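Asks: Generate a structure from the sequence data that follows.
(2 chains)
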Amino acid sequence: MYELKAVEKKFPGVRALKSVDFSISRGEIVGLVGENGAGKSTLMKVIYGAYQPDGGEILIDGKPVRFSGPRDAMERGIGMVFQEQSLITNLSVMENIFLGYEDQFSRFGVVNWKAVAKAARKQLAKVKLDIDPRTVTSSLSFAQRQLVELAKVLTLEERVQGHLVVLLDEPTSVLAEEEVKLLFKLVRELTTRASFIFVSHRMDEVMELSDRIYVMKDGQVVDVVSRGAATPEAIQHKMVGRHVDKEYYREQRQKPYDAAKPLVELSNVSLPGKVRDISLTLHAGEVLCLVGTEGSGREAILRTIYGMRTPTKGTLKIKGKTVSRLTAQGAVERGVGYVPRERKIEGIVAGMNVYENMTLSQMPRYARAGWLDVGNERDLARRWIRKLAIKASSEYADCGNLSGGNQQKVVLAKWRSGGSDIMLLDHPTRGLDIGAKEDVYDMIREMCDAGVGVVLVADTLEEAIGLSHTIVVIKDGEIQKRFDCAPGSKPSLYDLLHYMI
Amino acid sequence: MDIQRLKPHFPWITLLVLVTIVGIADPSFLKPANLLSLAGDIVPLFIMALGLTFAIYIGGIDLSAQSMANMITVVASVYLASLGIWVAALCILAGFVLGTLSGYLTTRMYVPSFISTLAVGGVCFSVAQWLSGNRALNMDAMQRNETFGWMIGRTGIVPHEFFIALALLAICLIIERRTTLGRALKAVGAGELAAAASGLNVARYKILAFAISGALAAVAGLLFSVKLSGGAPTIANGFLLPAIVAVLVGGTPLTGGVGGVLNTAIGTLIVAVIRASMLYFGIAATQQQMVFGLVLIAAIALTIDRSKLRTVK
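Replies: From the prediction side, this is the model:
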């Protein structure tokens, strides 16, 4: 009943969706999987009306439609349950459920809250949530909020003619196992009211819930799998487009690290609300991977080493010396480089060119008494553009206009050209295409060969396992388990998941 | 040719168009002597706008500039007799210190710069009233000419203010284009979080930007009081709006990161031409701020980088 035909979406420099066909029928649950950057979120945005496709068409019950925005799509029965929850936390549950649609309860601009509460109770009953609709949203648990979001979307049922399509974007990422089971049960029951599109990173969950699974890669739907027609491994294979083998992560290039040369030593470091009693050591030539779920404290650890956060307890030693006053400036001087997750916001400065970005962390080296030696800067940029094969028209190109992979290379060049030998990489391959990912993997191995220690927060578990010498699993801010990952005796995905959740 | 690539060229095209229009309406406007004296008259405003450029370049604003200039006219008038040439140092130091205070409040206390500078401006205004006894003060004409006469003379038809403006512009341009300070300010304006994640001491650079803004507002006040041979707590009122207009029509958006002091020079000339044309078209002085208000809104709407704004309040 809802269908996409040959839908295209282009962004400057990227074809995010390439002739995507998609359909969902009444009461169906359709899974959508793909790696980061495969085009899942773009496709979802097209489905719920946030993006308008550049080509192809959207059909509802066989008739072509065009959405001017999410609200327009909602009027046609397409609702979205957001991953980062879209509820406004200082409003009550009922206000959230009917936000923007209070007109039906108001006379002369005055809202009849009793009627709202009654209607909200009815919506909450659909998702089997027994709470007072007057409750302030911030006092609910994440699982409860998720259900309120779902209830909010289901109000469409009364407003809209025809069947509903509800998108669930990573609905399980903040839920405990029991809550996931309850949610799945509920979704199955709700198929009498709506069809669901379920997006998740967790392959097992997608396979459990979905009737059909769309597998995306590089902006295309590479396969549609019916329930039970493929193993998780086969789907994984299609997502990556090859066997996730040793070669992909350059395992053959993994050499033992220098255990006699500790670069970073954390002992009993605590940050209230973030991490507790973290002790770990990074050695020269080691890739140490922090594994955990979103919000488990991985980023806090990176930022502590980088000096952007000061722990309340514990000590940090860099190259054998205890660091007493933590600042980012100090960390840079001690040879720490930080590649943040938000590449476009924290990694590069859009609006500055390649050489300006590369020397940003090391300006004193390219200046005398505050006076910049631009010629020298440009030499450096040209050298690294060649060395890393950065696709930029020249060293004057605005970094904001480079592709993701080339931006990441500029960020890496910024630190490596300054001689940083402790590299903190937060999701360094996020949103990169496969070729660019492989370039980053090569660079990580090269850094290790040069005696650099790398603390990595990987984009996927496979990446973490493939790249690391050591894996530290973190849950709720505490270290659960440490794995040695010598080539040939690496832990499996399930070994890690067991300690993560 | 798309509009984005044309955008950086808007300021000087605007200037050229305006000069042409006014020149056709009144050919005597284009005489070199007239143009130069026009440029000379606008110099105090230009210097203030030059300072403001630093505050706006990093994505902030300095609303204290006008009150600062007011206060400095009073300070200069009061202390010229006792300090002589050193009064200049006192003025610039006061501007620098108060600018530093604004910067400190903004970066360390997390008070948005439009409030912190407004508050510091309030302090300046009050100091000016208190110091002057809320009266207009006059400088001793002899002493003014001896100490600061060189600022306001003429060489041929070129007013000396013009040289001062050029010198300050050159210094600021060098700071912006050739020093680590300028580079850091650009990074803070274009991508503050990335600058911080690169290990830059962002707070220090931001404080410096406000300090420079304060110091240049003080220079503007000093020059203004020398020109008028006196000072009063409200003498420079009516400067702030045109100065902000000058920065923005020059092409430094409120969101910062692009533009710079050369843009402000062009922007100031645009303001000067608008001002002169208003005289020509018979718009009374009392109505001029209306025009500047409208130009300001138009300039902000045209230049602001909406991709950097998530919400506007």
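Asks: mind checking how far stretch B:193-212 is from the chain centre?
Replies: Averaging C-alpha positions (CA atoms, centre = their mean, to the nearest Å) puts stretch B:193-212 21 Å from its chain's average.
Asks: which parts of that stretch are buried?
Replies: By neighbour count on 16 or more other CB atoms under 10 Å in any protein chain shown, the buried set for stretch B:193-212 is B:193-200, B:202, B:205-212. For every residue, glycine as well, the C-beta is placed using N, CA and C.
Asks: again, but for stretch A:192-209
Replies: By 16+ other CB under 10 Å, the buried positions in stretch A:192-209 come out as A:194-201, A:203, A:205-207, A:209.
Asks: Those residues in helices, which ones?
Replies: With DSSP state H as the criterion, helices contain A:203, A:205, A:206, A:207, A:209 from among these.
Asks: Greatest separation within the buried residues of stretch A:192-209: which pair is it?
Replies: Greatest spacing in the buried residues of stretch A:192-209, by CB to CB: A:194 and A:203 (23.7 Å).
Asks: circling back to that earlier point, and of the buried residues of stretch A:192-209, the nearest to residue A:489?
Replies: Lowest distance from residue A:489 to the buried residues of stretch A:192-209 (CB to CB) belongs to residue A:203, with 24.0 Å.
Asks: thinking again about what came up before, just give me the closest of the buried residues of stretch A:192-209 to residue B:83.
Replies: Once CB to CB is applied, the member of the buried residues of stretch A:192-209 that ends up nearest residue B:83 is residue A:201, at 70.4 Å.
Asks: What residues does that closest one make contact with?
Replies: A:33, A:170, A:173, A:460 (CB atoms under 8 Å, 6 or more residues apart in numbering or on different chains).
Asks: Listing request: residues of the chain with sub-threshold pLDDT.
Replies: All of this is about chain A. Within chain A, the segments meeting pLDDT under 70 span A:12-14, A:36-37, A:83-85, A:174, A:240-246, A:501.
Asks: should've been chain B
Replies: The model of chain B has pLDDT under 70 over residues B:1-4, B:307-313.
Asks: And the residue nearest the centre of it, how close does it get to chain A?
Replies: Nearest to the geometric centre of chain B sits residue B:49, at 1.7 Å (CA atoms, centre = their mean). From residue B:49 across to chain A, the span is 22 Å (CB to the nearest CB, to the nearest Å).
Asks: OK, contacts around that residue?
Replies: By CB under 8 Å, 6+ apart, the contact list for residue B:49 reads B:242, B:243, B:244, B:246, B:247, B:250, B:264, B:267, B:268, B:271.
Asks: Could you say which helix or strand holds it?
Replies: Taking DSSP states H and E as the definition, residue B:49 sits inside helix B:43-57.
Asks: Chain A contacts on the stretch 101-250 of chain B?
Replies: The interface of the stretch 101-250 of chain B toward chain A, taken as CB under 8 Å from any CB of the partner chain, is made up of B:178-181, B:183-184, B:186-187, B:190-191, B:193-201.
Asks: Pretty sure residue B:250 is one of the things residue B:268 touches, is it not?
Replies: Yes. At 7.3 Å, residue B:268 counts as touching residue B:250 under the criterion of CB atoms under 8 Å.
Asks: Please list all residues in contact with residue A:123.
Replies: The neighbours of residue A:123, taking CB under 8 Å, 6+ apart as the test, are A:97, A:151, A:152, A:154, A:155.
Asks: Name the nearest residue to it, ignoring sequence neighbours.
Replies: Nearest residue to residue A:123 in three dimensions, chain neighbours excluded: residue A:151, at 4.3 Å (CB to CB, 6 or more residues apart in numbering or on different chains).
Asks: just the helices in the stretch 151-300 of chain A please.
Replies: Along the stretch 151-300 of chain A, the stretches classed as helices by DSSP state H, counting those that start in this stretch are A:156-159, A:177-190, A:203-209, A:232-240, A:298-305.
Asks: Highest average neighbour count across the ones you listed: which stretch is it?
Replies: helix A:298-305 (a mean of 24; mean count of other CB atoms under 10 Å in any protein chain shown).
Asks: Specify the local secondary structure of the residue lying closest to residue A:51 once chain neighbours are set aside.
Replies: Residue nearest to residue A:51 in three dimensions, not counting chain neighbours: residue A:45, with 4.2 Å by CB to CB, 6+ apart. What DSSP: H, G, I helix; E, B strand; the rest coil gives for residue A:45 is helix.
Asks: Quickly list what residue A:22 is bridged to.
Replies: The partner list for residue A:22 in beta bridges (DSSP bridges) reads residue A:4.
Asks: Just give me the neighbour total for it.
Replies: 21 (other CB atoms under 10 Å in any protein chain shown).
Asks: isn't residue A:382 right next to residue A:395, touching?
Replies: Yes. With contacts counted by CB under 8 Å, residue A:382 reaches residue A:395, the gap being 5.6 Å.
Asks: part of a strand, is residue A:396?
Replies: No. Under three-state DSSP, residue A:396 falls outside any strand and is assigned coil.
Asks: now stretch A:474-486, how far from the centre of its chain.
Replies: 20 Å.
Asks: Regarding that stretch, how distant is the last residue from the first?
Replies: In stretch A:474-486, first residue to last residue: 20 Å (CA to CA, to the nearest Å).
Asks: Which residues does that stretch contact?
Replies: A:254, A:256, A:271, A:273-280, A:289-293, A:296-298, A:300-301, A:465, A:468-473, A:490-491, A:495-496, A:499-501.
Asks: Do a quick rundown of the helices in the stretch 51-200 of chain B.
Replies: Counting by DSSP H, counting those that start in this stretch, the stretch 51-200 of chain B has these helices, from start to end: B:65-83, B:86-108, B:113-132, B:141-152, B:160-178, B:180-197.
Asks: In terms of secondary structure, what does the fourth one contact?
Replies: With contacts taken as 3 or more CB pairs under 8 Å, 6 or more residues apart in numbering or on different chains; DSSP states H and E, helix B:141-152 sits against helix B:65-83, helix B:160-178, helix B:202-228.
Asks: Repeat that for the third one.
Replies: Using 3+ CB pairs under 8 Å, 6+ apart, the elements in contact with helix B:113-132 are helix B:65-83, helix B:86-108.
Asks: Fine, thanks again, bye for now.
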